[in-house]
Structure formats: structure tokens, C-alpha cells
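> Here is my input; please provide its structure:
(chains A and B)
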Amino acid sequence: MALHFFNTYSRALEKFAPRHPPNVSMYTCGPTVYSNAHIGNFRAYIFEDLLQRHLEMRGFKVHRVMNITDVDDKTIRGAREAKISLNAFTEPFKRGFFEDLDTLRIKRADEYPGATEPHYLARMIEMIAELIKRDLAYQAEDKSVYFRINKFPEYGKLAHLNLEELRPTGRVRSDEYEKENIGDFALWKAWDEEDGDVGWDSPWGRGRPGWHIECSAMSTALLGDQLDIHCGGVDNIFPHHEAEIAQSEGVTGKKFVRYWMHCAHLLVDNQKMSKSLGNFYTLRDVIAKGYSGREVRYALVRVHYRVQLNFTFDGMEESRQALTRKSRQALTRIDEWLERLRETSASQKARGTPGPTDDFQRVLDDDLNISGALGVLFESIRETNRAMDANELGATAAKAWLQWWDEINRVLALDAVETVALPSEVEALAEARRLARLAKNWQKSDELRSELNARGWEVRDTKDGQKITRRVGPEP
RNA sequence: GGCGGGGUAGCCAAGUGGUAAGGUCGCGGUCUGCAAAACCGCUAUUCGCGGGUUCGAUUCCCGCCCCCGCCUCCA
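Next comes the predicted model:
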């Protein structure tokens, strides 16, 4: 099966064909920097990371943009409460966001435009002016500028919503009488007292951009009028992405996005995360409980992106076990396997056994079927381990498997961190234990093993002697 | 009410019109001085429920039940 993705717009699996192969333009909705991002946010970013990495493995050259929303109600409120400037308020969260991306081994996008950058504000204003010129937007009595959805018949197509049947949910501000239609959304929000010193001048007076227009402006500025892929969480489908289509196509007259891809929500203990339920976790919260970024990455990537993922700490334990097989072992199941493969590849063994296939990649081609792909990985590990146990894996095959791992790991990014060097006192204890074992002094040997354990090191005896590894804790 | 996603072993989770990947947990075994790792074996006659189509359905169709999410600025 060739590469296929599920397109939210058509609600169907479609063969992937970018406009200008091998180039792929990809826009992903980024964070609003008013706090540290939570694990639900990262589920989306990891899905996008998997998507980018798989595309790259398949030979595409991905140009990816992720916006940073650094002005909105929440950032303004936060800055006001902290009595600091908007920029001073958002800056630490921006920095924290990039640190978190590194923790999770998420590849950097090519650009991270910010909504308050003058260049993009200018473009937003330009787009809004064009929409007004085309009668697709109007300035209301409250001085804000709104998009006129009645003039854009396509509005609602992405979400498959019949706008007449929308229920009021109480989340619509009742004071927005000024709008012609309840569904009209703000392109430019007129300044009010709550905004304090946050605001920019525009042809419609002082104010700030609406959330949706920022994405339309930055995506088209950096990627052109037509994008290959646009991603986000399902909650962005409506109204955010619907609005983006209306604004962008309203200005350019061209089809905005070819493939819309949305990931399902992450649940915690089967409920949506919320602070009041006490099931709200930032990435930092989970790391603070002793899990490594790699373990969190695995836990968030292992379930297909269109299925809701239920996050639990039992699931975190399971992820740890899947990677390491033994919770206190630092050497992972995968590393152990790689080490054996390296030894085998350096040997003179010439016996032929089947080498790797491209099953992993083929399974991912089917709308990023990660569970199937991981199944291929674990089966491969078991089969090659079995062959090595039986002394039946040749050096050439071992080399091929190592190469295979390098390839799939460019997508998974699940390799362990570098092995740390043994401190001298650990080295000394290990040497003493080696000598005790040589003398078959098992009591002494076990005492020394306990001593090493107590110092945070794990000892395993293999036919090649003892192996000392650091116990798993937070990633160094 | 509308729009989505899902109900597969204790738990997590793929998948196919021909009779259930993988992970985790548990038990037994090979190996080991003991452990660990690795490997082997066992653990769903069955895929929410009821009909239908079919030689055959978990997979297709119809109806129903349950869970979760979205419905105007939450990834």
C-alpha cells in the first residue's frame, strides 16, 4: 500500500500526493504560551513529529512551520496579574516549550513564527483589509472586525457542521450583539481596558489580532497560499481550522490545504484533563515522577493518533517495561539487543538467516499505524534474539539489522542515552567482585552486588562476565 | 439534537470475508552458584448485544446498548 493518510476534510483515507514532490509543506498549530504545555498538547506534537519523520523516511523533504501564540486573552490576563509586560510573561513559557520538545526528542520545525512579530502583524492587517474589500469582513459597532460567514458558503465543510443546527453552549459571549451573525468570528479585536498596554495600531483602530487570522497569515507567509498538510488536535477542527480556511481562501481564492490531519484527545484516567479533576499534568509533572522523556515519548506515540489515548501511570509503567523489560535496569531491551547485534556483526559467523524487511515502513504507510509498526519491531527483536541464542545469526545479517534499526529509529527516536562511564569506586567494586567470582566466593560476590545496587548500579552476570549499568531514573 | 472516535484476553493495543499481531501482567520451563537478561511454553473456541447477507463474519449490512470527545478562540 502506498502512503495514505486520513483526511479530515473528506473523512476518507487518501493517497498522499503533495503538490511539488518531494517537497511537503506542513503547518502545525503550536502552543499558546501562557503556561507550561501539558501532556495532551504533547500528544499532538508527537503525532506531528511522527508524521514528519515518516515522511522524511519516505524521501520527502518536509518544510514545517509551527506558530507560537503569544497574545490572547490568557496571556494578557497572566501578564496583567503578574504585573509585567506581555513579552516578559510569555518568554519563560516559550523557552520552557523548547526545552520540553528536546526532552521528548521532537524534531524542531523549520520556523516558529510568533503572533506578535511586526512582520506577521502587518500581514494579518493586510489580509483583513483584503477581506473587508471583498465584503467578507466588516467592522462592527464595537470597533472589532468580524468575518462574515454568510458570505463564505464553504464555512462548516471541514467540521461537517450545519450552522443552523448549532446549539448555544453558553461559551458564546452574550455581549457580542454587534455581530451580524452569531457565528461571525473576530479578525481584529478592538482594544478594551482589560488589554492594558497590549495593542497595535491598525486601520480600524488600536487592537489585537483574533486567534484564527494569525495562523492564516503565518502559514501563507511562510509556506505559500496552498499547504500540503495542516495538523492539530481535533478540537481545532471547529472553529479554528474552519476559520483559517475561510480567511485564507477568502483572500487567495485558492484551495488552502490538501490534507487536514487531526489527532484525538489524550484522556487521563478516562477523562479529559482538567485542573478541577486533579488529573492535569504538564510534561514536567510526569518527568518529576521519575520518568524519562523517552518513556513519555513512547507512552504518547504508541497509540494510533486518531484514537483517544488514555494516559495512566500504569500505562507509564508498561511503557517503561516495554523499553527496558526490567524496571531497575538502565540498559534497555533495545540496547541489549543492539549490543548483541554489534558483537555478532563483528564476529566471523557467516551463517545465513533472514535479514530485515521493510514491513515497519509499509505498516506506517497506512495512516501511521504505529501499533502495527511497533509490533514489527518487537517481533524482529525476538526473532533475532532467538537466532543469536541459537548461534545462527551471521555477521552480515547482524549488520543489516543494525542498519535497519538506525533507519527505523530515525522515525521512533527511542534509542537510549549514551552509556555513562563508571565512576572509579564503582569500577573498584566491580573488579573486587570479579576476583571474588573467580575464586567462587559467592557470598562475597553477592555482598558486592548489593553494595553496587545500593549505590544505584545494577549488576548482571553474563557468559562474557559481569555487566554494570545505571539504574533507571530521570534521564541524565 | 448535530458531528466525530471507540467497545478485541487482567490491563494496553493491531488486524483480516476463512477462522485472532505486538506490548504488559501472571504461571511453568531452558540457562545461571543464585539472580538478571535472552529464549521456549501456557493464558480470547473468541472480538459490546440482537438480527441479516454468505459455504464461512470479529471483519459487510440493519437495528440497539454503553463509553469518550467536539458543537464559536482547549492539542
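
> quick one: average confidence on stretch A:51-61?
Stretch A:51-61 shows a mean pLDDT of 97.

> Show me what that stretch is in contact with.
By C-beta atoms under 8 Å, 6 or more residues apart in numbering, the surrounding residues in contact with stretch A:51-61 are A:3, A:18, A:21-24, A:26, A:62, A:64, A:107, A:229, A:231, A:261, A:361, A:364-365, A:368, A:407, A:410-411, A:413. Using the backbone N, CA and C atoms, a C-beta is placed for each residue, glycine as well.

> buried residues in that stretch?
When burial is assessed from 16 or more other C-beta atoms under 10 Å, stretch A:51-61 yields the following buried residues: A:51-56, A:58, A:60.

> And for stretch A:99-119?
So stretch A:99-119, judged by 16+ other C-beta under 10 Å, has buried residues A:100-101, A:103-107, A:109, A:112-116.

> biggest separation within the residues you listed, which pair?
Between any two of the buried residues of stretch A:99-119, the greatest separation by C-beta to C-beta is 28.7 Å, found for A:105 and A:116.

> Provide the backbone phi and psi angles at the closest residue to RNA strand B within the stretch 201-350 of chain A.
Proximity of the stretch 201-350 of chain A to RNA strand B (C-beta to the nearest atom of the strand) peaks at residue A:233, 1.7 Å away. Phi and psi for residue A:233, reported as degrees, to the nearest 10, are phi -80, psi 160.

> And it, how close does it get to residue A:448?
Here the criterion is C-beta to C-beta, to the nearest Å. By it, residue A:233 lies 52 Å from residue A:448.

> So what's the model's average confidence on stretch A:96-111?
The model assigns stretch A:96-111 a mean pLDDT of 95.

> again, but for stretch A:125-142
94.

> Output that stretch as PDB, nothing but the C-alphas.
C-alpha atoms of stretch A:125-142 as PDB (Å, rounded to 0.1, in the frame of the first residue of the first chain):
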ATOM      1  CA  ILE A 125      -3.700  43.500   8.800                       C
ATOM      2  CA  GLU A 126      -3.200  43.200   5.100                       C
ATOM      3  CA  MET A 127      -5.300  40.100   4.900                       C
ATOM      4  CA  ILE A 128      -8.100  41.600   7.000                       C
ATOM      5  CA  ALA A 129      -8.100  44.700   4.700                       C
ATOM      6  CA  GLU A 130      -8.400  42.400   1.700                       C
ATOM      7  CA  LEU A 131     -11.300  40.500   3.300                       C
ATOM      8  CA  ILE A 132     -13.100  43.800   4.000                       C
ATOM      9  CA  LYS A 133     -12.600  44.800   0.400                       C
ATOM     10  CA  ARG A 134     -14.100  41.600  -0.700                       C
ATOM     11  CA  ASP A 135     -17.100  42.100   1.600                       C
ATOM     12  CA  LEU A 136     -16.100  39.000   3.600                       C
ATOM     13  CA  ALA A 137     -15.500  41.000   6.700                       C
ATOM     14  CA  TYR A 138     -16.900  44.100   8.400                       C
ATOM     15  CA  GLN A 139     -16.100  46.400  11.300                       C
ATOM     16  CA  ALA A 140     -18.900  46.300  13.800                       C
ATOM     17  CA  GLU A 141     -20.100  49.000  16.200                       C
ATOM     18  CA  ASP A 142     -17.800  47.700  18.900                       C
END
